[in-house]
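Trainee: coords please:
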Amino acid sequence: MLTATQRRRITLLGISSLLIPLIFAAPLTLSTLYQNFDDDLAFWTLGYNLKNYHRLETVVVFFGKLNFFCLKFLLISLCAAFYVCFCFKLSTAIKRHSKMVEYCVLKSCNCQIGTLHQIIQCCTMFAAATKITMFLMLLMFSLDMYTALGLVLGHVKGRATITLATEFVLTSFYCFFYLVLVVSFSADIPDAMEQIGLRFQVLYRAELADSRNHQYTNTKNIVLLKALGDLEPVYMSVYGMVRVDKSLILSFVGCILTFSVFFMQLKRDEPL
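Mentor: Below you'll find the model as predicted:
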């Protein structure tokens, strides 16, 4: 069960995942609204001519662009919110039940051991089931950042500088924020399992020392503590090719910098 504080945090995350896309979409819409929007208008009106209704044209383009930018950000936002909630719930459950097992490890704790085993199995299934989701989220992050870098590095022509700068700043900040959020909460699951392993390794050594000092051996407890101490962390990954941990943030930043340097070098070598 979630505590009241945890429920409030999850509720706040859900509300934020719906509001943040609108907050980011509004300035992007306003920054592009008063440019030449003939192509946008033809798209949103299915080619219908509204030349005699200038205000209606502006309203149609405004809500069309707002809808476009909201959907662009909303998909990332909802996927990230869903992923973060599950990671938070699983890591919290691991930490809580590991403490309960540690508390009653010298007593009858078959129920707690079974619950902890089920939680770890759930983590394994969650990691296996979300491979495609994580792949799509990383792909969306990469494509949006590629678009943003193309804007700021001069790949897009014929648009106002302030518009390009606004879209670059908002898009890059939005993507990087959700990338850090997803990676941080994904790393909580293996971190919690590593803490379990370290904690039970200490208890295992203490049990061995205690059995040696008192000339008795509790084989069941020793085997149990050894198994819990050797628990392998479950990492979120993309089909085993990319491990989702905190080092992924640095790798992502490194790829962005490499692309920027490479793109600027190509621009410099272009013939005049």
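Trainee: Sketch out the strands for the protein, chain order is fine.
Mentor: For the chain, strands defined by DSSP state E occupy the ranges 237-238, 242-243.
Trainee: Sheet partners, orientation included, of the last one?
Mentor: Applying DSSP bridges to the sheet, strand 242-243 is found paired with strand 237-238 (antiparallel).
Trainee: in the chain, which helix or strand is least confident?
Mentor: Least confident helix or strand of the chain, by mean pLDDT, DSSP states H and E, is helix 38-44 with a mean of 56.
Trainee: want to throw the strands of the chain into TSV with distance to Leu116 and mean pLDDT?
Mentor: C-beta coordinates here come from the backbone N, C-alpha and C atoms, glycine included. Output for those, formatted as TSV (distance: least, Cβ to Cβ, whole Å; pLDDT from 0 to 100):
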stretch	distance to Leu116	mean pLDDT
strand 237-238	22	78
strand 242-243	23	77
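Trainee: tell me the most buried of those?
Mentor: strand 237-238 (a mean of 18; mean count of other Cβ atoms under 10 Å).
Trainee: sorry, back to before: and the strands of the chain as TSV, adding distance to Ile76?
Mentor: Compiled in TSV, those are given as follows (distance: least, Cβ to Cβ, whole Å):
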stretch	distance to Ile76
strand 237-238	16
strand 242-243	17
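Trainee: Tell me the spacing between Gln195 and Ala148.
Mentor: Separation of Gln195 from Ala148 (Cβ to Cβ, to the nearest Å) stands at 37 Å.
Trainee: Which one's more surrounded, those two?
Mentor: Ala148 (22 against 16; other Cβ atoms under 10 Å).
Trainee: Relative to Ala206, how far out is the residue lying closest to that one once chain neighbours are set aside?
Mentor: Here the nearest residue to Ala148 in space, its sequence neighbours aside, is Thr171; by Cβ to Cβ, 6 or more residues apart in numbering that works out to 4.2 Å. For Thr171, the distance to Ala206 equals 53 Å [Cβ to Cβ].
Trainee: Counting neighbours, go ahead and name the busier of these two.
Mentor: Thr171 (22 against 11).
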